[in-house]
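[1] Give me a 3D structure for the following:
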Amino acid sequence: MPDFGGVRVVEVVAEGVGPTRNAAILDALNLAVQQTNGTPVVGISVNSTGNLAVPGYDGDYGLTSSTVVSATHGAVQGFEILSERGSAKAGAWRLKLKIKVNKYSASAATKLPKIAIASPRTHETTYVIGNETLSADEVSQSIGAAINESLSQSNRFFVINRAFDSDIAEELSQINNPSANSGELAKLGQRLTADILVLPEINRLSYKKSTRILRYSGRALNAYSGDMEITFNVINVPTGQLIMTEHFKVTFPNTPPSVYGKQQVGLENVKASLATLTSQFTQKFILKNFPVSVIKMNGTSVVLSQGQDILQIGSTYNAVSLGEDITDPQTGQSLGREKHRSEPSSSPKPLKRCRWDSSEETTMPASLSPASSNWQTG
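    Model prediction:
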């Protein structure tokens, strides 16, 4: 069954103190809920009489195992008093409780590096493509969608898609509906922020028509030319460090001046080029952070860590066995590991096997890089 996370009940033992019995119980509940979910019970307070003031209820309120569900809006499902000391005369209470708290357990995917794609920066509201125009919004959507899809399919990152924030917020608001299961409240406050932010920038995009009118005939000579240049910046969100910058450029086919000159590049060609450049960036980004590696060998069969769009059938790769990790003595940063060349090939699917075509031996671990060698995919 897929792991999407979910709410479950956990038992927590906590000790609370307070000037009244209710205040001590509330103190223990707050400790238990905060220990479990990171935030205390919201809205409940001790009033001047020493009892509890609970939103939505008139008069003094007492916390019992049966009333705690409604009082805490489902954050707590019940409790059992393990020990109790104190009196109203002394004005001091200490209680130890075993408390059933609703806890949200995140999916395993949340442990992956969290990445978000910022809306691409554009310097124009529209781009001229011959006799047509392409809006900056269309360009931004194409780039964002392509990066999100590629990174999601890599299964190496937890991709945070901001495009659906309003829909997500609306769905989460249903949890506060009186008819909703109170246990679902543990889902609130679980939204994650990105560790890494990708900031695309359209530096230039045009395919313009230039026209010159012949003096004697009055006929127009039309010529078309243009190019596209995109920069991808990768930022470490907590520190603001620029960790990667990649520039990509494509020059569109030129049409020489002619009275019969026609536009050779249309909107579909530009969108295809956008997809190509974006794919080149995502592959480079994934391979920089997660190089293709040989994770298992069995005779002439090997299992690789990458697949899908990263490795292509028929491509040839170098394999290197990894040695000692080398550290820069001046900065303390890792410069990578020593590499000793071997001869492996790639696989078209994640964790698929491919054939070892060389008789040379290698040691583990190992990684691959595109090159000319004896390893062939097929």
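
[2] Quickly list the domain ranges of the protein.
    Structural domains assigned to the chain are 6-105, 110-287, 291-370, following automatic domain parsing.

[3] Next one, pLDDT for the residue nearest the centre of the chain please.
    Nearest residue to the geometric centre of the chain (CA atoms, centre = their mean): V159, 2.3 Å. V159 is assigned 93 on the pLDDT scale.

[4] same thing with S315?
    pLDDT, S315: 70.

[5] tally of neighbours for it?
    By the criterion of other CB atoms under 10 Å, S315 has 15 neighbours. All C-beta atoms are positioned from the backbone trio N, CA, C, and that covers glycine.

[6] Which residue ranges of the stretch 51-200 of the chain form strands?
    Remark: strands assigned in the stretch 51-200 of the chain by DSSP state E, counting those that start in this stretch are 52-53, 76-87, 92-105, 114-117, 121-122, 126-129, 132-135, 158-160, 196-213.

[7] The residue nearest to the centre of the chain against L112, yeah?
    No - V159 is beyond contact range of L112, at 9.0 Å (criterion: CB atoms under 8 Å).

[8] hang on, the earlier thing: worst average pLDDT in the domains of the chain?
    Among the domains of the chain, domain 291-370 scores lowest, with a mean of 63.

[9] so how many other residues sit close to T39?
    12.

[10] pretty sure it belongs to a helix, no?
    No - the assignment for T39, made by DSSP: H, G, I helix; E, B strand; the rest coil, is coil rather than a helix.

[11] Give the full set of residues in contact with it.
    T39 makes contact with V33, G189, according to CB atoms under 8 Å, 6 or more residues apart in numbering.

[12] how about 7 Å then?
    Counting by CB atoms under 7 Å, 6 or more residues apart in numbering, T39 makes contact with G189.

[13] Quickly note the distance from it to L31.
    T39 sits 12 Å away from L31, going by CB to CB, to the nearest Å.

[14] hang on, the earlier thing: surely the residue nearest to the centre of the chain meets S150?
    No - taking CB atoms under 7 Å as the definition, V159 is not a contact partner of S150, at 9.5 Å.

[15] burial of the closest residue to S142 other than its chain neighbours, as a residue count?
    Residue nearest to S142 in three dimensions, not counting chain neighbours: L274, with 5.0 Å by CB to CB, 6 or more residues apart in numbering. L274: 23 surrounding residues under other CB under 10 Å.

[16] For L274, give me its contacts.
    Residues counted as contacts of L274 (CB under 7 Å, 6+ apart) are V139, S142, I143.

[17] In three-state terms, label it for me.
    Classification of L274 by three-state DSSP places it in helix.

[18] again with the one 3 residues further on
    On the three-state scheme (three-state DSSP), L277 is labelled helix.

[19] For it, which non-adjacent residue is closest in space?
    Closest residue to L277 apart from its sequence neighbours, by CB to CB, 6+ apart: F248 at 4.3 Å.

[20] Neighbouring strands - and their directions - for the host helix or strand of V17?
    Per DSSP states H and E: V17 is located in strand 6-18. When pairing is defined by DSSP bridges, strand 6-18 lines up against strand 92-105 (antiparallel).

[21] Count the neighbours of S173 for me.
    Using other CB under 10 Å, S173 is surrounded by 11 other residues.

[22] how close does it sit to K187?
    11 Å.

[23] Next: F4.
    Using CB to CB, we find F4 at a distance of 11 Å from K187.

[24] Which one's more surrounded, these two?
    Comparing F4 with K187 by other CB under 10 Å, the one with more neighbours is K187, at 16 against 8.

[25] what is the residue nearest to the more buried one when sequence neighbours are not counted paired to in the beta sheet?
    Leaving aside its sequence neighbours, K187 sits nearest to Y104 (CB to CB, 6+ apart; 5.6 Å). For Y104, the beta-bridge partners under DSSP bridges are V7.
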